[in-house]
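Student: Here is a sequence with its predicted model. Questions after.
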Amino acid sequence: MKKFVLKREPGTTKEPDYQIDYENLLNDAQLSAVYHDHGPALVIAGAGTGKTRTLVYRVARLVESGIDPSEILLLTFTRKASNEMINRASRILDDRCSRVKGGTFHFYCNQILHRYAGRIGYPENFTIIDASDSMDTIQLLRAQMKLNKSDSRFPKKSTLYNIFSSSINKQQSLAETLESQYPHFLYHLESISELFTEFRNYKEKNGVMDFDDLLVRTCQLLNDFDDIRLTVAGKHRHVLVDEYQDTNALQSDLTQLFSSVHKNIMAVGDDAQSIYSFRGADHRNIMAFPEIFDDVKIIKLEENYRSTQRILDISNAVLTQAREKFDKSLYTKNEKGELPGLVKAANHNDQSRFLAQMILQLREQGYELNDIAVLFRNGRDSFDLEVELNKKNIPYVKFGGQKFTEAAHVKDVLAHIKVYINPLDTISWNRVLMLIDGIGPKTAQDLFQWIRNSDTPFQINQAGTISERYAIQLKGLADLFNDMNSKRESVPEVLETVVRYYESFCKKRFDDHPKRLKDLETFIDISGSYRSLEQLLEDITLDPIEATAYDTEASQKDEAPLVLSTIHSAKGLEWRIVFIIQCLDGIIPSGYAIDDTEQIDEELRLLYVACTRAKEQLYFTYPALYQGGYGDYFTNPSRFLEELPKDLFEPWLLIEENEEDTHKRIESS
């Protein structure tokens with residue numbers, strides 16, 4: 001295609017009269033992004049460098065430059081984020097900004113499809129089904145195809161939904177998805193593929209789309225019908241995409257399609273904060289952006305407005321270990337601050353005691369509890385700490401991962417201990433008995449009556465009310481109680497005995513049983529600090545919701561709670577003081593990632609995200625010894641910390657007070 005450039009005639013154009021004093025409100029790198037004229041641009045926005053501020057002023061600048069606001073498309077990962085940006089732009093400029101097209105990829109694709117769905121065989125009044133509806137549909141088809149009567153365990157509806165969604169968003173075959181995430185179901189590949197086809201056909205026949213279809217069908221529409229692509233993309237004079245490092249393969253394709261006419265695409269994100277591959281996000285999208293688009297201008301935002309320089313120094317050093325990254329170095333005009341602390345505790349319990357006592361000490365120094373966050377790799381990593389916080393009456397709220405006693409598999413194991421301690425606990429008996437195949441409410445009720453009247457309630461296989469078909473399984477339960485009784489003096493050994501018995505039930509009930517069994521291993525480890533089963537139950541079964549939920553704050557008249565969070569859930573947030581716990585090899589990085597260079601890089605980025613949440617103080621903690629039912633063993637600190645220069649952090653030593661003292665303190669050296 002030939003191009004002819006029309007020259008502007010002298011005197012026919014006038015520089016816009018800008019209302020906003022951009023030069024005094026933004027730093028040089030932010031100005032470069034806001035002033036960017038035409039063509040593709042990639043803004044690498046380091047943590048705490050004012051990414052949202054830059055996007056807001058970019059929108060305002062485009063509008064002030066005379067661009068029709070309706071020709072600006074702002075794509076974000078939540079509707080809330082786009083609404084907040086557009087509202088902020090309206091406040092700093094005027095109501096013209098409210099006409100900017102904003103929303104998520106799914107929201108915008110839905111708008112397009114409702115205009116053009118007829119071209120791909122869908123009614124324009126198609127309806128959208130949510131994840132729950134999708135799972136119910138999969139379950140219906142699963143039953144119709146008699147896959148529920150398979151000769152070996154077939155995935156549940158929720159697992160099938162996750163398999164299908166992951167395959168779509170990562171643009172992998174079902175075989176690749178199963179091999180990488182659910183290898184124990186590869187045997188059913190053919191049946192799963194047939195079910196996937198039936199599911200797709202069912203949606204088409206009934207004129208419905210799920211969330212994944214919105215992306216897939218929009219890509220199909222714009223790729224197959226050039227007239228529609230030219231019409232849609234022709235209305236996007238400027239396309240802005242936030243959090244580009246979190247896009248999946250489909251969203252990357254849509255970004256190219258939406259900007260294919262005017263070529264004015266600005267992607268904003270941070271490769272160092274790409275941590276959501278388990279949701280389908282592809283780190284390669286942001287790395288490949290300069291290759292996908294022509295003549296890309298790369299702008300790096302490196303001035304940090306959140307953290308002290310010493311926190312940034314250790315964050316930068318963490319990131320230097322990454323194999324694949326854009327080179328950048330965060331700096332700040334903030335004060336230098338304290339050195340981050342590296343705290344080696346003797347064991348899990350000492351780590352939790354340190355945290356609880358340190359948090360109370362900081363509170364006495366004037367910090368609010370909600371100024372402080374404890375971050376961890378997995379939800380289970382905070383279980384021991386939760387027990388300690390409850391002992392100290394420290395209110396907390398937890399984000400990401402279930403509370404300990406809310407997890408079904410933990411409840412199942414606890415139920416066996418509860419009935420052993422109190423044979424009249426019919427609620428726990430119900431949970432224990434209903435695990436056994438074939439035992440329903442009626443049989444369980446008959447057994448309850450026998451237990452209540454029996455002098456030997458744990459010899460449940462001798463109940464005269466049961467049929468022979470249950471006797472063998474109930475004999476196994478009776479043997480469990482005998483084993484528990486013989487090991488009563490050792491809490492970890494009792495718990496290990498229950499977990500070993502429960503393992504077969506866990507594998508039958510949960511498709512993600514490897515993770516759940518890992519949780520139970522952690523439970524055994526935690527139990528090592530308890531001298532009796534009664535003490536374990538008393539501490540572990542405290543209701544976490546009562547003490548931690550934000551919505552109970554007003555009725556309790558309590559202070560805002562401490563924050564416990566998985567690192568994934570903490571992204572985008574900040575606190576004055578951050579503790580990163582369980583910094584062990586096998587946890588950060590995860591043991592599942594050690595043999596995969598791409599996954600190791602993501603684990604490294606996860607630690608970087610955790611470090612950059614801190615504003616004033618940062619602490620890494622880890623136990624030197626694992627104690628539990630599977631034996632005691634010495635641990636290794638995270639390999640990522642081992643690689644850091646020693647002058648970037650300060651080692652802390654935990655010292656016990658003299659035995660005759662009534663209180664304990666924490667000293668650093």
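Tutor: Sure, I can see it.

Student: in its sheet, what does the top strand by length along the chain sit against?
Tutor: Looking across the chain with DSSP state E, the single longest strand is strand 614-623. Under the criterion DSSP bridges, strand 614-623 sits next to strand 341-345 (parallel), strand 575-580 (parallel) in its sheet.

Student: List the contacts of the helix or strand following the shortest one.
Tutor: Read it as strand 341-345. Stepping forward along the backbone from strand 341-345, the first helix or strand reached (DSSP states H and E) is helix 348-364. Helix 348-364 has contacts (CB atoms under 8 Å, 6 or more residues apart in numbering) with 343, 345, 369, 371-372, 374, 384-385, 387-389, 391-392, 394, 525-526, 528-529, 562, 577, 579, 581-582, 619, 621-623, 626-627, 654, 664-666. To be clear about C-beta, it is placed using only N, CA and C from the backbone, and glycine gets the same treatment.

Student: List only buried entries from these.
Tutor: 343, 345, 369, 371-372, 374, 384-385, 387-389, 394, 525-526, 528-529, 562, 577, 579, 581-582, 619, 621-623, 626-627, 654, 666 (16 or more other CB atoms under 10 Å).

Student: how about low-confidence regions in the stretch 1-150 of the chain?
Tutor: For the stretch 1-150 of the chain, the stretches flagged by pLDDT under 70 are 1-3, 5-15.

Student: which residues in it form strands?
Tutor: Under the criterion DSSP state E, counting those that start in this stretch, strands of the stretch 1-150 of the chain are mapped to 41-45, 72-76, 101-104, 127-128.

Student: The stretch 351-500 of the chain now?
Tutor: Under DSSP E, counting those that start in this stretch, the stretch 351-500 of the chain gives strands at 372-376, 396-399.

Student: looking at those strands, which is closest to Glu124?
Tutor: Proximity to Glu124 (CB to CB) singles out strand 396-399 among these, at 39.6 Å.

Student: What residues of that closest one count as buried?
Tutor: In strand 396-399, counting by 16+ other CB under 10 Å, buried: 396-398.

Student: any chance of these in a markdown table, with pLDDT and distance to His568 too?
Tutor: Below are those laid out as a markdown table (pLDDT from 0 to 100; distance: CB to CB, whole Å):
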| residue | pLDDT | distance to His568 |
| --- | --- | --- |
| Tyr396 | 92 | 18 |
| Val397 | 90 | 16 |
| Lys398 | 88 | 13 |
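
Student: what would these look like in CSV with distance to Gln256?
Tutor: Listed next are the buried residues of strand 396-399 as CSV, based on distance: CB to CB, whole Å:
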residue, distance to Gln256
Tyr396, 44
Val397, 41
Lys398, 39
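
Student: just curious, which of the residues you listed is nearest to Arg516?
Tutor: Closest to Arg516 out of these is Lys398 (18.2 Å), distances taken as CB to CB.

Student: So the closest one sits against Leu564, correct?
Tutor: Yes - counting by CB atoms under 8 Å, Lys398 touches Leu564, with 4.3 Å between them.

Student: do you know which of the strands of the stretch 1-150 of the chain lies nearest Lys336?
Tutor: When the strands of the stretch 1-150 of the chain are compared for distance to Lys336 using CB to CB, the nearest one is strand 41-45, at 23.6 Å.

Student: Burial-wise, tell me which of the strands of the stretch 1-150 of the chain comes out on top.
Tutor: Mean neighbour counts were compared across the strands of the stretch 1-150 of the chain using mean count of other CB atoms under 10 Å; the top stretch is strand 41-45, at a mean of 26.

Student: Understood, closing this out.
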